[in-house]
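Participant: Got a predicted structure plus its sequence, pasted below:
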Number of protein chains: 2
Amino acid sequence: MSVKPTTIKEIAKLLDISVSTVSRALNDHPSIGLTTKMRVRKIAKELNYEPNQRAIQFLQGKSHTIGVILPELSESFFSAAISGIEEIAYKRNYTVLLAQSHDDADLEKVLLEKMKTQRVDGLLISVAKTTINFDHFEALNRLQIPIVFFDRIPAIKNIHSVASNLETGTYEAVSFLLKKGHRTIGMINGPTNMTSSAERKNGYIKAMTSHRLKYDPSLMIHTALTEEDTIQAMNTFIHHKRKPTAVVTFNDYVALFAMRYARSQNLKINKDIEFVSYANLPIIEYMENTPIASVEQFPFKQGQKAADILLDLINSPKPDNSTEQAWYKVVVESELVTGKNK
Amino acid sequence: MSVKPTTIKEIAKLLDISVSTVSRALNDHPSIGLTTKMRVRKIAKELNYEPNQRAIQFLQGKSHTIGVILPELSESFFSAAISGIEEIAYKRNYTVLLAQSHDDADLEKVLLEKMKTQRVDGLLISVAKTTINFDHFEALNRLQIPIVFFDRIPAIKNIHSVASNLETGTYEAVSFLLKKGHRTIGMINGPTNMTSSAERKNGYIKAMTSHRLKYDPSLMIHTALTEEDTIQAMNTFIHHKRKPTAVVTFNDYVALFAMRYARSQNLKINKDIEFVSYANLPIIEYMENTPIASVEQFPFKQGQKAADILLDLINSPKPDNSTEQAWYKVVVESELVTGKNK
DNA sequence: AATAATTACACAACCGTTTGCACAAAAATC
DNA sequence: GATTTTTGTGCAAACGGTTGTGTAATTATT
């Protein structure tokens, strides 16, 4: 029926010793006698004593909490990432304060404020699509709260970042198709202003040229990733003088649109035309037609890595002396996965 | 270049007044003169002063934080739910401590401990599938930390809970099919030991009988929700003397399996046989064949509701006097959605 | 046996903020 | 002008734990 948690004071009073002795006994401090330690621990156990983390956090000026701001947990990339982040955080005895920006720059700013007043020890963030101003991150910098940017990385310098490079995976994907005998490979890529589009493009080109094939720009179509654009792109391919026998799509949604349209045009998937995509949808394996291979970005691993770096930053000796600080810029290589995903 | 956040003390020293005056000035206490208030606020703004929440939390013995333990964020039901929870929590100025149990009872217990030592003001939990022992929740009860169980509710009494009742939605779903002219409707249900299976069953039976149709138990098949079981169930239906023209499936995965098998048996989906399912997969709308209707459980709304109740519990006057406590048992009715999901 | 070293504990300050109480100065009352 | 009321501010305690320093009692050293 006890209503308030046991405190160190109560234990001290019960045993008629000082609080400092109790504290040290519980922390196995060498200057406390064995008998005293035993007595203290016995009572502590009996009373279900647990140190008040809030008090400790306050005293030490450390919250032992990291803030995580992600755009959307319903995107499987991010829900996988948060699992990786959580795992590392809990393993290293940190707590995770989560918030979703829902890709809203204003909300993101509010959340950032919240994290600041909550005195998180560090922040992990994947910025909202709409974020164009990065001034509000400065406030955290001033307070020496480290930030690790993750997956969606702003185009500013002197930041820590973890992101995947899709070039490698794309290279593998295209090489894989070439090895299967394809010679005419189309790509439905994303908007040109996205760095990830460029990575895909580079991977594609490198694969082609390193196999002594000429890069044909007309087989690389940039779209806004809508169904309409995808259909248009597919249509271009189908009526192309060099009709592709394989297509690499920007993501699984695009793959779905493309495959659906291909079927509607009486193309046999995996026979007349094969698809390779990038792993976004966990459900893809249940589908009617699935890409024959997928470029995996390992969001879980990325989350782990980012969390690890952030915690390292938090616990590293302060670089107060204004010597040049080192900026983490970790690239997690993507990888082609064939057959079963994972 | 300031390294540590501004404190109230610094402001006091700067203005040569006491900290209590500063505190009261910032909190708009009536006993502070207007001029003083202005002076304090001006400096506070200049120095970017923000109250140290950790200190306040400690002082007040309130963390203003709620713990949330969910099985899996990659399940869209839960990622939608957490969004609802977050929204309410932030609106009411609470912070969310998130953890996933990954459906592991042992991990769940550890996380619960963590929440306890973190002194969360309340807990929202959807229990892991494997959880069979509920003793560890007792510890939170003893500390007067309210718990609201959510969606997956343990079969114990005297708890607060929010969950959906699938009976209504199922009733609507079956009625919908009846109205479309179907008379032989199969159901691929889940394991008999799940309450949600029973809800579905009841909804089905009620719909049939209230339309003066006899309930045929041979059209209600309980499965373990695997692909294998689903195929078997579909096979039974196909060779049934009363071959169903419509099937209600336990969830979208089952619907996928069932539709795929139906196609393989040369049945035309939406012509020879129609499907109705329960909304789990956001991606369902991209699929080759989709159920013609879906029972929606409103996870976002459920999350909101659960969070609201929890915060009400936290902020309600303590029911210390051992009068009978009221237990929330909120049921969010499910609803049939046709056409576009949402 | 006197001194030095060790052991085992207590005292008190501290972290940042809130808040009950005391109290001086100014204003209002008679 | 003396007394009461109001207004504005300061003092100090409290929240729960950690930690540097002081010190008595015990043990070891000579």
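Facilitator: Structure received. Just so it is clear, the model here is predicted, and its values are computed rather than measured.
Participant: drop to CA atoms for contacts and neighbour counts, all remaining ones
Facilitator: Fine.
Participant: What residue in the stretch 151-300 of chain A comes nearest to chain B?
Facilitator: residue A:288 (6.5 Å; Cα to the nearest Cα).
Participant: Can you point out the helix or strand that includes the closest residue to that residue other than its chain neighbours?
Facilitator: Closest residue to residue A:288 apart from its sequence neighbours, by Cα to Cα, 6 or more residues apart in numbering or on different chains: residue B:288 at 6.5 Å. Using DSSP states H and E, residue B:288 falls within no helix or strand.
Participant: Need the nearest residue in space to residue A:172, chain neighbours excluded.
Facilitator: Distance criterion Cα to Cα, 6+ apart; nearest residue to residue A:172, sequence neighbours excluded, is residue A:336 at 6.0 Å.
Participant: Check for me that residue A:149 belongs to a helix.
Facilitator: No - the assignment for residue A:149 is strand, going by DSSP: H, G, I helix; E, B strand; the rest coil, so no helix is present there.
Participant: The closest residue to it other than its chain neighbours: which element?
Facilitator: Take residue A:149 and drop its neighbours on the chain: the residue closest to it by Cα to Cα, 6+ apart is residue A:161, 4.5 Å away. Assigned by DSSP H and E, residue A:161 belongs to strand A:160-165.
Participant: buried set for that strand?
Facilitator: A:160, A:161, A:162, A:163, A:164, A:165 (16 or more other Cα atoms under 10 Å in any protein chain shown).
Participant: ok, and what's touching that strand?
Facilitator: With contacts defined as Cα atoms under 8 Å, 6 or more residues apart in numbering or on different chains, strand A:160-165 is touched by A:147-153, A:196, A:199, A:297, A:302, A:305-306, A:327-334.
Participant: can you rerun that using 7 Å?
Facilitator: The contact list for strand A:160-165 (Cα atoms under 7 Å, 6 or more residues apart in numbering or on different chains) reads A:147-151, A:153, A:199, A:297, A:302, A:306, A:327-334.
Participant: And the residue of the stretch 151-300 of chain A closest to DNA strand D?
Facilitator: Closest to DNA strand D within the stretch 151-300 of chain A is residue A:160: 29.5 Å, counting by Cα to the nearest atom of the strand.
Participant: Not counting sequence-adjacent ones, nearest residue to residue A:9?
Facilitator: residue A:19 (5.7 Å).
Participant: for the one you found, what are its contacts?
Facilitator: Applying Cα under 7 Å, 6+ apart to residue A:19 gives the contacts A:8, A:9, A:12.
Participant: Output these in JSON lines, with pLDDT and secondary structure appended to each entry.
Facilitator: Converted to JSON lines, these look like this (pLDDT from 0 to 100; DSSP: H, G, I helix; E, B strand; the rest coil):
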{"residue": "A:8", "pLDDT": "93", "secondary structure": "helix"}
{"residue": "A:9", "pLDDT": "92", "secondary structure": "helix"}
{"residue": "A:12", "pLDDT": "92", "secondary structure": "helix"}
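Participant: Can you tell me which of those residues comes closest to chain B?
Facilitator: Distances from chain B to the contacts of residue A:19, taken by Cα to the nearest Cα, are shortest for residue A:8, at 14.3 Å.
Participant: Excluding chain neighbours, give the residue nearest to that closest one in space.
Facilitator: residue A:19 (6.2 Å).
Participant: Ok, residue A:26 next?
Facilitator: Leaving aside its chain neighbours, residue A:26 sits nearest to residue A:41 (6.6 Å; criterion: Cα to Cα, 6+ apart).
Participant: And the helices in chain A?
Facilitator: A:8-15, A:19-26, A:34-46, A:53-60, A:76-91, A:105-117, A:136-142, A:166-179, A:195-210, A:227-238, A:252-264, A:299-315 (DSSP state H).
Participant: closest one to residue A:282 among those?
Facilitator: helix A:76-91 (7.1 Å; Cα to Cα).
Participant: helices or strands next to that closest one in the packing?
Facilitator: Counting contacts by 3 or more Cα pairs under 7 Å, 6 or more residues apart in numbering or on different chains; DSSP states H and E, helix A:76-91 packs against strand A:95-100, helix A:299-315.
Participant: For it, give the mean pLDDT please.
Facilitator: Mean pLDDT, computed over helix A:76-91, is 96.
Participant: Contacts for that helix, please.
Facilitator: A:72-73, A:95-96, A:280-281, A:299-304, A:307-308, B:73-74.
Participant: Before I go, just wanted to say thanks for your time.
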